[in-house]
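> Sequence plus predicted model, see below.
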Amino acid sequence: MCPRCEFEVVDKLADSPVAGVWEVLQCRRCLYTWRTTEPPRRTSREHYPEEFRMTQADIDNAPEVPAVPPLRVR
C-alpha cells in the first residue's frame, strides 16, 4: 500500500544489486516512489506525515507540474 495516498497498487521498479537487500516501489496513483529500506515515515502509512498525505481529490486538483526546460547549449 502507498504510504502517501493509501492506494493498494504499487509496482516494483528496481531491485538492489545485491539480491534481497531492498526494492524500489512506486504507487500507480500518486507516483510516490520509495526504497523499502527507508525509515517508517517514508514507507508506512501509519507513520507518514499527515501534512504530506494525499487523497484522490488532492491528486485531481493538483496544479500542473511545469515542464523541464530544454538544456542550455554551451
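Good, I have the coordinates.
> Please enumerate the strands of the protein.
Remark: strands assigned in the chain by DSSP state E are 10-15, 23-27, 33-35.
> correct me, but E6 touches R45?
Yes - if you go by CB atoms under 8 Å, E6 and R45 touch, sitting 5.7 Å apart. All C-beta spots, glycine's among them, are computed from the backbone N, C-alpha and C.
> shaky segments in this protein?
Along the chain, no part satisfies pLDDT under 70.
> For R28, give me its contacts.
The neighbours of R28, taking CB atoms under 8 Å, 6 or more residues apart in numbering as the test, are F7, V9, V10, D11.
> Neighbours of the second one, how many?
To tie it back to what came earlier, the one meant is V9. 9 (other CB atoms under 10 Å).
> So what does E6 look like in phi/psi?
phi 70, psi 20 (degrees, to the nearest 10).
> residue contacts, D15?
In this structure, D15 makes contact with W22, E23, V24, judged by CB under 8 Å, 6+ apart.
> Columns distance to L71 on top of those, output as CSV?
Shown next, in CSV, are these (distance: CB to CB, whole Å):
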residue, distance to L71
W22, 32
E23, 32
V24, 26
